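Asks: Pasted the sequence and its predicted model underneath.
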Amino acid sequence: MKNKKTMLGEIIKYTIPSIVVVLIFSLSNTIRNKPQNKQTEQIKADSLINFDYLKQRIESANNLVKSGQVDVAIDFFKTILEYEKVFAKIHFHLAQAYCSQEKNKEAEHHFKRSIDLEARNPNAHAFLGELLRKQNKFQESEKHLKIATRLAPKYFDAHLQLSKTYHELEKFQDSLKHGSIAAKIKPKSIFPYLHMAYTFNKKGDLDSAVTMYKKVISMDPKCHNAIYNLGYSLKIQGKLKESLPYLDRAIALKSDYLDAHIARAQVKIALENFDEGWDEYEWRWGLFGINPHKYRNEMWDGSDIRGKTILLRTEQGLGDTMQFVRLAKKVKEMGPAKIICKVQKPLVKLLSQCPFIDKVVHDLKDAGHYDCYTHLMSLPRILKMQPDAIPAQMPYLYANPNLEKEWATKLAKDKNFKVGICWHVDPVHEKTKSPWSLRSVNLQQFAPLAKLKNITFYSLQKLDNSQQLVNVPEGMNLQTFGPDFDRKHGSFMDSAAIIKNLDLVITVDTCIAHLAGALNKPVWMLLPYAPDCRWYLERSDSPWYPTMTMFRQTKPNYWDATIKNIAVALGKLKK
């Protein structure tokens, strides 16, 4: 039993003075006029008199949380708070219990209530900061984690969580600073080093990321996360063969490691090992919560489809569909078979122009009867496609003939060299990419092209980047289209028709590149230093599109030299 002085200190620390407490309980019982059972009376007595016993009860309740009996623990905490709302620790432990149930709103409320009552408790600030970070409330998270580290400068978890928050806010130097502090507090923990490696990776400092991942692996040779990320970082650097042993090792440690399987598939495809690469790419279904082996077993396996109907489904981006729909023609010829394609809504009208597709739908209920199905991006594996035998008979996408003629009439007065241009991709698709893989270019960066004479540029930009059109490079003759473009006649219908009437398309790696290539029109594609695996090999032409020329970044996240090379090539082409 603690002495009176110690007990008084604890009472002052965790609640208002004892006399006021007694008055609150008396008033509370009078106002509520609630019947009281023996258990409730005991809790009240324990709360007021015996803090050691209350501490034991809190510990017992926390053990209930750990054992999965969270509701029982919550009832205990709530019962105490029903009579005494100023126990900061009860609010704190109740918040933790709600966290275990992922009841974020309730947890946040009680963490904040605990802080209201005991503002200098670093634990409450740290736990609240972590909760807010997980809810993507990064500004609030930063505020509370900074308080926690100020109140407790050697608080390992607070520094680590603050490092993660700064990472999300893209305050990379601050993230590395607090990761380093956490590492000094617990030098044997791999977690600060692992997170600092993530931050180096995100900011594009891959050399430092590789060094840090290697440090983590030296500390824990079985850390599959670090091993995978080391392989991934080497892949981004273009060190494909060097990356494979690490991806193999990560999978050996964790056989169902989806990211590692997909990265290994991409590396093998880039190295033109199509047999193993496309086979392993089936692991992508795990990203959608689907068992990859079960899903594969349910699909068409390449068996005889003569006289049958097969449904081909899309799954990823519009450009992927445009690129792989060519394989539907090969499937049809294997039968002959009837081909139904379920595609993204914006592509229904465009693909309906394809003579080798019998029916194009967006909604599966409109597909009607089919005998079997598979996905377009599984066809390279099923058809055993090889790098030197990629179907490249062009065109395989077609513009509407009437629209093509209509745009020919509209452009007839333009006697300049006509170039379509597309400079931006959907930012959602860029969010998780390394700076070495970012595809978008600011329109102002095309200024060297504006200096060339007798060229008219036509904007094929699909996303809303109208703010960049306010500041077009000086001297660039850039034509844009009204709100009906690709809307009145359907998505991509005007784009396909106008591309057929252009001399050249210059674009970043987006669906416009695939559309121009599939229409058999000359297309120059700008590629980041670390491109998609389909463009990885060091070559300027593409086995996918005979009319495509690729212009690559000469160093990461640096477009100036690439665009200067395009300007030189464009100047020569016009002559």
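Replies: Looks like it came in fine.

Asks: Residue 141 and residue 166 touch, don't they?
Replies: No: using C-beta atoms under 8 Å, residue 141 makes no contact with residue 166, being 9.6 Å away. The C-beta positions use only the backbone N, C-alpha and C, and glycine is treated the same way.

Asks: now the strands for the stretch 401-550 of the chain?
Replies: 417-422, 455-459, 478-479, 504-508, 523-527, 548-552 (DSSP state E, counting those that start in this stretch).

Asks: Show the model's pLDDT score for residue 170.
Replies: As predicted, residue 170 sits at a pLDDT of 94.

Asks: Next up, the contacts around it.
Replies: residue 202 (C-beta atoms under 8 Å, 6 or more residues apart in numbering).

Asks: what do you get for residue 434?
Replies: Listed by C-beta under 8 Å, 6+ apart, the contact set of residue 434 reads 201, 202, 204, 206, 236, 530.

Asks: For it, grab phi and psi.
Replies: Main-chain torsions, residue 434, degrees, to the nearest 10: phi -70, psi 150.

Asks: now do residue 310
Replies: phi -120, psi 140.

Asks: Could you do the one 10 residues further on as well?
Replies: According to degrees, to the nearest 10, the main-chain angles of residue 320 amount to phi -60, psi -40.

Asks: Where does pLDDT dip in this structure?
Replies: 1-56, 80-86, 463-467, 575 (pLDDT under 70).

Asks: and if we set it to 50?
Replies: Applying pLDDT under 50 to the chain flags residues 1-49.

Asks: how is it carved up into domains?
Replies: 299-389, 401-574 (automatic domain parsing).

Asks: So for residue 211, which of the ones you listed sits nearest?
Replies: domain 401-574 (16.2 Å; C-beta to C-beta).

Asks: now do the same end-to-end measure for that closest one.
Replies: Terminal residues of domain 401-574 are spaced 28 Å apart (C-alpha to C-alpha, to the nearest Å).

Asks: starting at the chain centroid, how far to that domain?
Replies: 25 Å (C-alpha atoms, centre = their mean, to the nearest Å).

Asks: for stretch 391-402, same thing?
Replies: 33 Å.

Asks: ends of that stretch, how far apart?
Replies: 28 Å.

Asks: Show me which residues of that stretch are buried.
Replies: Neighbour counts over stretch 391-402 (16 or more other C-beta atoms under 10 Å) mark 395, 396, 397, 398, 399, 400 as buried.

Asks: Validate this expectation: residue 373 resides in a strand.
Replies: Yes: counting by DSSP: H, G, I helix; E, B strand; the rest coil, residue 373 falls inside a strand.

Asks: from what I can see it touches residue 300, true?
Replies: Yes: Residue 373 sits in contact with residue 300 when judged by C-beta under 8 Å, with a separation of 6.2 Å.

Asks: before we move on, the earlier item: could you dump the contacts of residue 434 into TSV and include distance to residue 137, secondary structure and neighbour count?
Replies: Converted to TSV, those look like this (distance: C-beta to C-beta, whole Å; DSSP: H, G, I helix; E, B strand; the rest coil; neighbours: other C-beta atoms under 10 Å):
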residue	distance to residue 137	secondary structure	neighbour count
201	24	helix	22
202	20	helix	18
204	26	coil	18
206	30	helix	21
236	30	helix	23
530	32	coil	21
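
Asks: any idea which of the residues you listed is the one closest to residue 224?
Replies: residue 201 (16.5 Å).

Asks: I'd like the distance between that closest one and residue 165.
Replies: Counting by C-beta to C-beta, to the nearest Å, the separation of residue 201 from residue 165 is 17 Å.

Asks: Specify the local secondary structure of residue 360.
Replies: Criterion first, three-state DSSP; result for residue 360: strand.

Asks: dump the residue contacts of it.
Replies: Contacts of residue 360 (C-beta under 8 Å, 6+ apart): 340, 341, 343, 347, 348, 351, 352, 354.

Asks: What is the neighbour count of the third one?
Replies: What that stands for is residue 343. Using other C-beta atoms under 10 Å, residue 343 has 22 other residues around it.

Asks: do the fourth one as well
Replies: Around residue 347 sit 23 other residues, with neighbours defined as other C-beta under 10 Å.

Asks: Same question for the second one.
Replies: Counted with other C-beta under 10 Å, residues neighbouring residue 341 total 26.

Asks: Would it be right to say that it lies in a helix?
Replies: No: using three-state DSSP, the assignment for residue 341 is strand, not a helix.

Asks: Does it touch residue 361 like I think?
Replies: Yes: counting by C-beta under 8 Å, residue 341 touches residue 361, with 7.4 Å between them.

Asks: Okay, helices next: where are they in the stretch 351-500 of the chain?
Replies: 379-382, 401-411, 427-430, 447-450, 466-469, 493-499 (DSSP state H, counting those that start in this stretch).

Asks: Run through who's touching the fourth one.
Replies: So that's helix 447-450. 455, 457, 473, 474, 475, 476, 506, 563, 564, 566, 567, 570.

Asks: ok, for the fourth one, nearest residue in space, not its chain neighbours?
Replies: In space, and not counting its chain neighbours, residue 474 is closest to residue 450: 6.4 Å by C-beta to C-beta, 6 or more residues apart in numbering.

Asks: separation between that neighbour and residue 457?
Replies: Distance from residue 450 to residue 457, by C-beta to C-beta: 8 Å.

Asks: ok, back up a step: and of the strands of the stretch 401-550 of the chain, who's closest to residue 147?
Replies: The stretch from the strands of the stretch 401-550 of the chain with the least distance to residue 147 (C-beta to C-beta) is strand 504-508; that distance is 43.5 Å.

Asks: Please name every helix or strand in contact with the helix or strand containing residue 225.
Replies: Per DSSP states H and E: residue 225 is located in helix 224-236. Under the contact definition 3 or more C-beta pairs under 8 Å, 6 or more residues apart in numbering; DSSP states H and E, helix 224-236 sits against helix 191-203, helix 206-219, helix 240-253, helix 258-270.

Asks: how close does residue 92 get to residue 343?
Replies: 53 Å.

Asks: State the distance from the residue nearest the centre of the chain to residue 285.
Replies: Most central in the chain under C-alpha atoms, centre = their mean is residue 432, positioned 4.5 Å from the mean C-alpha point. Taking C-beta to C-beta as the measure, residue 432 falls 19 Å from residue 285.

Asks: How about residue 65?
Replies: Distance from residue 65 to residue 285, by C-beta to C-beta: 35 Å.
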